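Colleague: pasting the sequence and the predicted coordinates here, then a few questions.
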Amino acid sequence: MPPSAPPKDRLRLAVQKSGRLATDSLDLLARCGIKVKTPKEKLLLHAGNFPIDLLFVRDDDIPQLVMDGVCDLGIVGTNVLEETALQRRTDGDGDGYELARTLEFGGCRLAIALPEERTYAGPADLAGLRIATSYPQLTKRFLAEKGVAAEVVVLSGSVEIAPRLGLAEAICDLVATGSTLEANQLRAVETVFRSSAVLIRAARELNPVKAHALELLLRRIDGVQLAAEAKYIMLHAPKSALPEIRKLLPGAENPTLLPLAGDESRVALHAVCQEAVFWETMESLKRAGASSILVLPIEKMML
Ligand code: PRT
Ligand code: ZN
């Protein structure tokens, strides 16, 4: 059993113990300078260099750990979060949490899929079907919004084989690449919910020590996410080509211009590009007169 209440001076963050969000969650924390040494055999780990403890649990438990006040923070998919919140509202339980940050991993969608051979013209075609899912609340909400009466069959896993087993005519499951659906001769016909990982926090107020730690953590997450796409670009260019070259740099503010030794007509340009720099951009820069183009990754940013 997890400890009942987080300590006064350390944040407690629930993360998935193992699964699709586990590695990305720990990677994000590591890039925020939060390192936990011991492997995840332990339920609760203390970060040595930041006032935060990590609680390793199943992803399904994360929303309620935060909503019940056992953890201050949690990293979870919005699919699980919204399903839990709807269930708790149905059960009359509180569902207090706040979205702290949307994270750039765990992207997927909850979709209704039908056997490939089945025709589909719109939601009305789902009427009277049995739809197997691990997300009954989100599925029922979608059906209610579309005014469709269908039966929802709750399965905890392997939902994609339900039609073959004769348990249902349709499924409502998470889709990322679509290869699981394809392997089971199913095709997605409706998107019920778009999901990504998020950092959530308990709705209650934190004491000043924890509030300060959370503020630092959020700033670091912003720094990591800002830097994810950003690139540092360096190139040489004729002074006359600078207006065109500056227009080609994606999301760059004022670049730095430096003289080149022994060449009055050309300069070195350094700039931070906030957006991805593709090969096509580099080729356009080259055509505009740039040379010696270097694109470097940026690890962290603080604006
Ligand atoms: O043990 P625990 O309960 O913690 O883990 P779990 O098995 O319930 O969840 P896990 O690790 O599979 O997923 C955790 C979270 O990752 C989900 O709640 C989503 O927020 C997110 N996520 C992102 C996904 C996917 N992509 C995904 N593709 N979760 C599951 N899938 C499954 C999907 O259910 C289907 O079986 O992958 C299959 C489809 O993938 P494609 O690529 O073939 O379309
Ligand atoms: Zn789970």
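Modeller: It's in. Numbers count the residues shown, from 1 in each chain. Ligands and ions are numbered 1, 2, ... in the order given.
Colleague: whichever residue of the stretch 101-250 of the chain sits closest to ligand 2: what's it in contact with?
Modeller: Sorted by distance to ligand 2 under CB to the ion, the residues of the stretch 101-250 of the chain start with residue 134, at 8.3 Å. C-beta: built from backbone N, CA, C; applies to glycine. Under the criterion of CB atoms under 8 Å, 6 or more residues apart in numbering, the contact list for residue 134 reads 154, 155, 156, 157, 159, 173.
Colleague: name the nearest residue to the second one, sequence neighbours excluded.
Modeller: Okay, so that is residue 155. Leaving aside its sequence neighbours, residue 155 sits nearest to residue 132 (CB to CB, 6 or more residues apart in numbering; 5.1 Å).
Colleague: same check on residue 207?
Modeller: Going by CB to CB, 6+ apart, residue 207 has residue 8 as its nearest residue, at 6.4 Å.
Colleague: and if you look at residue 255?
Modeller: In space, and not counting its chain neighbours, residue 255 is closest to residue 271: 3.6 Å by CB to CB, 6+ apart.
Colleague: returning to that earlier point: ok, of the contacts of residue 134, which come out buried?
Modeller: 155, 159, 173 (16 or more other CB atoms under 10 Å).
Colleague: from residue 169, how far off is residue 117?
Modeller: 12 Å (CB to CB, to the nearest Å).
Colleague: so for those two, which residue has more residues nearby?
Modeller: The residue with more neighbours, out of residue 117 and residue 169, is residue 169; 19 against 7, by other CB atoms under 10 Å.
Colleague: show me what contacts that one?
Modeller: Residues touching residue 169, when contacts are defined by CB under 8 Å, 6+ apart, comprise 114, 115, 118, 129, 130, 131, 163.
Colleague: the residue nearest to residue 42 when sequence neighbours are not counted sits in which helix or strand?
Modeller: Closest residue in space to residue 42, ignoring its immediate chain neighbours: residue 56 at 7.5 Å, by CB to CB, 6+ apart. Using DSSP states H and E, residue 56 sits within strand 52-57.
Colleague: quick check, that strand touching ligand 1?
Modeller: No - residues of strand 52-57 contacting ligand 1 under CB under 6 Å from any ligand atom: none, with a closest distance of 7.4 Å.
Colleague: and the contacts of that strand?
Modeller: Surrounding strand 52-57, the residues in contact under the criterion CB under 8 Å, 6+ apart are 2, 6-7, 10-17, 29, 34, 36, 40, 42-47, 65, 70-71, 213, 217.
Colleague: just the buried ones from those residues, in PyMOL syntax?
Modeller: Listed next is the PyMOL selection for buried residues among these, using 16+ other CB under 10 Å:
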select buried, resi 6+10+11+12+13+14+15+16+17+29+34+36+45+47+65+70+71+213+217
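Colleague: go back to the contacts of strand 52-57 and keep what's next to ligand 1.
Modeller: Among the contacts of strand 52-57, the residues within reach of ligand 1 (CB under 6 Å from any ligand atom) are residue 16.
Colleague: among the contacts of strand 52-57, which are located in strands?
Modeller: Secondary structure of these is defined by DSSP state E; positions in strands are 11, 12, 13, 14, 15, 16, 44, 45, 46.
Colleague: is it true that the first one touches residue 212?
Modeller: No - under the contact definition of CB atoms under 8 Å, residue 11 does not touch residue 212, with a separation of 10.2 Å.
Colleague: what residue in the protein is the furthest from its centre?
Modeller: Within the chain, residue 262 marks the point farthest from the mean C-alpha position, 49.0 Å out by CA atoms, centre = their mean.
Colleague: let me know the pLDDT of that residue.
Modeller: On the pLDDT scale, residue 262 is placed at 93.
Colleague: please shift the residue numbers so they start at 36 in all later answers.
Modeller: Right, with 36 as the first residue, what we last looked at is residue 297.
Colleague: from ligand 1, how far off is it?
Modeller: Plainly put, residue 297 is 55 Å away from ligand 1 if you go by CB to the nearest ligand atom, to the nearest Å.
Colleague: show the contacting residues for that residue.
Modeller: The neighbourhood of residue 297, defined by CB under 8 Å, 6+ apart, contains no residues.
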